[in-house]
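**Q** What follows is a predicted protein model with its sequence.
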Protein chains: 2
Amino acid sequence: MKNSARPIGIFDSGLGGLTVFKALRALLPAENLVYFGDTARVPYGTKSPAAVIAFSREIAGFLLKKKIKLLVVACNTASSLALEEIRKVSRVPVLGVIAPGVEAALKAAPSGGVVLVIGTSATVNSRAYSRALAAAGARVKVLEKACPLFVPLVEEGWCSKPVAAMIAREYLAPFRKKKVDALILGCTHYPLLKNIIARVMGPGTRIVDSARVTAADARAELERRGLLNGGGKGRSEFIVSDAPERFSGLALKLLGIKTGKVAVKRF
Amino acid sequence: MKNSARPIGIFDSGLGGLTVFKALRALLPAENLVYFGDTARVPYGTKSPAAVIAFSREIAGFLLKKKIKLLVVACNTASSLALEEIRKVSRVPVLGVIAPGVEAALKAAPSGGVVLVIGTSATVNSRAYSRALAAAGARVKVLEKACPLFVPLVEEGWCSKPVAAMIAREYLAPFRKKKVDALILGCTHYPLLKNIIARVMGPGTRIVDSARVTAADARAELERRGLLNGGGKGRSEFIVSDAPERFSGLALKLLGIKTGKVAVKRF
């Protein structure tokens, strides 16, 4: 297989990473994409660093055997806790979603401004965003808030029910008075709740979604290495560790993605 | 070790089974109890039968090596999908939570009455309660409803927030007009939402919690086999597959259980 024809590997704990898949598919229509969702062990956000690292290494190993040319870790929890460990075992470049989120937030928040990061408990406890913002030299105040019910809410398909707004208010209303300039959606499920979150925060807060920036980063990385695939329509392949029909149904319902047959790989 | 001094093994996908642990501890203070929570793979309720069976067999094997005298499957999803498979590998008696729930519901619902079973998607899809009620010769109409957000809601510790009542109404209000005589809490997390569920259903519905009946069944089984432990205070041991501090904190917060040090066993 020509190097550039090799697929891009993408993985997430479940289906949240499909928001990144969708951005990649839109930006890079000629690329072959292989997506892995760890639906047997989802969610990662309430689990320990040791567990998330062990799961991530297993999945990276599996995707590397599929001769991928680039690995996108489309899960904030895995990006926060396991990116360095994955890079140790990968012979291809590995991109996470934290750096793109930080890049986008810095465009949205002025120097001296306030950035609020929301994510799973594991992502927030890791303080990966705070560290990345500091490392990027950002002169902003960083607040972080875990919102553990958002993932199950999305997985239930209740993104536009009144109860979604109530949960969002419960988590986020206390931050309204803190003059938040940019809110980072630090979980790939959260873009599906973007409108509700924006309403709670009010018009003064820019909502930052890392999916599009991640896709742009992936294109830049491939371009730099001369690995962009030529014209034509790329293939999409989906693999999960459990319950493929459920994954397929939710991908269509929540994101309008037609997966076709989803394969199963158990660990 | 004397046969009667051997511990009772209890397992659940996470911490919901602690409601059964608590009932066992109250009824059988002299017994040694060993509890396993599969916190690395929780929740089970959205996973496939194949995954739940594989996880359950692994855990049963682990507890059997601890020389247990009785195994209590304190998880409705595992009881619904994996009880027969666990019995195949177990040399000690295995009790689930479905039969006790059915037993209690039949006392609460008159012949010709209506029983509503609520549980995880996996439990409801298995139709284990409908089948068990039919096998018990129950002349009742059985309704079933999956309530996937209840488990994460309990795990977030939001059992008495207004949002809990709103979610309960969303799932259960349509059943108010169906004249439900008994509602089976078909998930070991749900007793923690009992008051809220009772308020939505109104005074005409008896809420059935299988924890106490399960404990009574366990005592009867041990009595029958001459395996009840003599006086003294039994030991309690807790093991999880991930995040022991989190488990310990929630056990105290939600159920007032002081676990002491929680061990970790990864699969």
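**A** Alright, I've got the coordinates.
**Q** Might you report the residue contacts of the residue in the stretch 51-200 of chain A that chain B sits nearest to?
**A** The stretch 51-200 of chain A approaches chain B most closely through residue A:152 (4.1 Å), counting by Cβ to the nearest Cβ. Yep, even glycine has a C-beta here, placed from its N, CA and C like the rest. Counting by Cβ atoms under 8 Å, 6 or more residues apart in numbering or on different chains, residue A:152 makes contact with A:43, B:148, B:149, B:151, B:152.
**Q** Next one: it from residue A:39, what distance?
**A** 14 Å (Cβ to Cβ, to the nearest Å).
**Q** Worst mean pLDDT across the helices and strands of chain A, which element?
**A** Counting by mean pLDDT, DSSP states H and E, chain A has its least confident helix or strand at helix A:150-155, which shows a mean of 89.
**Q** Return the alpha-carbon coordinates of that one using CSV.
**A** Extracted as CSV, the C-alpha positions of helix A:150-155 are listed here (Å, rounded to 0.1, in the frame of the first residue of the first chain):
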residue,chain,number,x,y,z
PHE,A,150,-23.2,15.2,30.2
VAL,A,151,-21.9,12.0,28.6
PRO,A,152,-24.7,9.7,29.7
LEU,A,153,-27.2,12.5,28.8
VAL,A,154,-25.8,12.5,25.2
GLU,A,155,-25.7,8.8,25.0
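**Q** and the next helix or strand after that helix, what other elements does it pack with?
**A** Next helix or strand after helix A:150-155 toward the C-terminus (DSSP states H and E): helix A:162-172. Contacts defined by 3 or more Cβ pairs under 8 Å, 6 or more residues apart in numbering or on different chains; DSSP states H and E place helix A:162-172 against helix A:150-155, helix A:194-201, helix B:162-172.
**Q** which one of the contacts of residue A:152 has the most neighbours?
**A** Compared across the contacts of residue A:152, residue B:151 has the highest neighbour count, 28 neighbours, by other Cβ atoms under 10 Å in any protein chain shown.
**Q** contacting residues for the closest residue to that one other than its chain neighbours?
**A** The shortest distance from residue B:151 to any non-neighbouring residue, by Cβ to Cβ, 6 or more residues apart in numbering or on different chains, is to residue B:189 (4.9 Å). Neighbour list for residue B:189: B:15, B:16, B:19, B:150, B:151, B:154, B:155 [criterion: Cβ under 8 Å, 6+ apart].
**Q** Retrieve the pLDDT associated with the first one.
**A** Right, the one you point to is residue B:15. pLDDT, residue B:15: 90.
**Q** Am I right that it is in a strand?
**A** No. According to DSSP: H, G, I helix; E, B strand; the rest coil, residue B:15 belongs to no strand; its state is coil.
**Q** what about it, distance to chain A?
**A** Look at residue B:15 and chain A: by Cβ to the nearest Cβ, to the nearest Å, they are 11 Å apart.
**Q** Equivalent analysis for the last one, please.
**A** Summarising the geometry, the distance separating residue B:155 from chain A, computed by Cβ to the nearest Cβ, is 7 Å.
**Q** looking at it, that residue is touching residue B:250, isn't it?
**A** Yes. Counting by Cβ atoms under 8 Å, residue B:250 is a contact partner of residue B:155 at 6.9 Å.
**Q** what is in contact with the two at once?
**A** Overlap of the contact sets of residue B:155 and residue B:250 (by Cβ under 8 Å, 6+ apart) consists of residue B:15.
**Q** re earlier: go through the contacts of residue A:152 and name the one nearest residue A:25.
**A** Checking these against residue A:25 with Cβ to Cβ, the nearest one is residue A:43 at 24.0 Å.
**Q** got a list of what residue A:251 touches?
**A** A:15, A:18, A:238, A:257, A:258, A:259.
**Q** could you pull out the helices for the stretch 51-200 of chain A?
**A** In the stretch 51-200 of chain A, the helices defined using DSSP state H, counting those that start in this stretch lie at A:76-89, A:98-108, A:121-126, A:128-135, A:150-155, A:162-172, A:194-201.
**Q** For the longest one, list every residue counted as buried.
**A** For helix A:76-89, burial by neighbour count (16 or more other Cβ atoms under 10 Å in any protein chain shown) applies to A:76, A:77, A:78, A:79, A:80, A:81, A:82, A:83, A:85, A:86.
**Q** Could you pull up the residues touching the last one?
**A** With contact taken as Cβ under 8 Å, 6+ apart, residue A:86 is in contact with A:56, A:57, A:60, A:71, A:73, A:78, A:94.
**Q** For those, give me CSV that also has distance to chain B and pLDDT.
**A** Compiled in CSV, the contacts of residue A:86 are given as follows (distance: Cβ to the nearest Cβ, whole Å; pLDDT from 0 to 100):
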residue, distance to chain B, pLDDT
A:56, 13, 98
A:57, 14, 97
A:60, 18, 98
A:71, 23, 98
A:73, 19, 98
A:78, 15, 97
A:94, 24, 98
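**Q** Write a ChimeraX command that selects only the buried members of those residues.
**A** Entered in ChimeraX, the line below selects the buried ones among those, by 16+ other Cβ under 10 Å:
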select /A:56,57,60,71,73,78,94
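**Q** Just the closest of the contacts of residue A:86 to residue B:176, please.
**A** residue A:78 (43.0 Å).
**Q** which one of the contacts of residue A:251 has the most neighbours?
**A** Across the contacts of residue A:251, neighbour numbers were computed from other Cβ under 10 Å; residue A:15 holds the maximum, 29 neighbours.
**Q** Let me see the contact set for that residue.
**A** The contact partners of residue A:15, taken as Cβ under 8 Å, 6+ apart, are A:37, A:39, A:155, A:189, A:247, A:250, A:251, A:254, A:255.
**Q** Report the lowest-confidence entry in those.
**A** Lowest pLDDT among the contacts of residue A:15: residue A:155, 81.
**Q** Domain map for chain A?
**A** A:3-96+A:212-264, A:98-210 (automatic domain parsing).
**Q** and residue A:232, how many residues sit next to it?
**A** Residues near residue A:232, counting by other Cβ under 10 Å: 11.
**Q** Would you mind naming what in chain A lies close to chain B?
**A** Within chain A, the positions lying close to chain B (Cβ under 8 Å from any Cβ of the partner chain) are A:39-42, A:46-48, A:50-51, A:54, A:148-149, A:151-153, A:155-156, A:158, A:161-163, A:166-167, A:170, A:242-243, A:246, A:266.
**Q** What residues does residue A:222 make contact with?
**A** A:8, A:28, A:31, A:69, A:70, A:228.
**Q** can you rerun that using 6 Å?
**A** residue A:228 (Cβ atoms under 6 Å, 6 or more residues apart in numbering or on different chains).
**Q** tell me which element it falls in.
**A** helix A:210-224.
**Q** What mean pLDDT does that helix get?
**A** 95.
**Q** Just want the angle from that helix to helix A:76-89.
**A** When axes from the mean of the first three to the mean of the last three Cα atoms, to 10 degrees is applied, the directions of helix A:210-224 and helix A:76-89 differ by 20 degrees.
**Q** Which SSE is immediately downstream of helix A:210-224?
**A** With elements assigned by DSSP H and E, the helix or strand that comes after helix A:210-224 is strand A:236-240.
**Q** so what does that following strand touch, helix or strand wise?
**A** Using 3 or more Cβ pairs under 6 Å, 6 or more residues apart in numbering or on different chains; DSSP states H and E, the elements in contact with strand A:236-240 are strand A:33-37.
**Q** What strands line up against the strand it packs on, and which way round?
**A** Strand pairing for strand A:33-37, determined by DSSP bridges: strand A:8-12 (parallel), strand A:236-240 (parallel).
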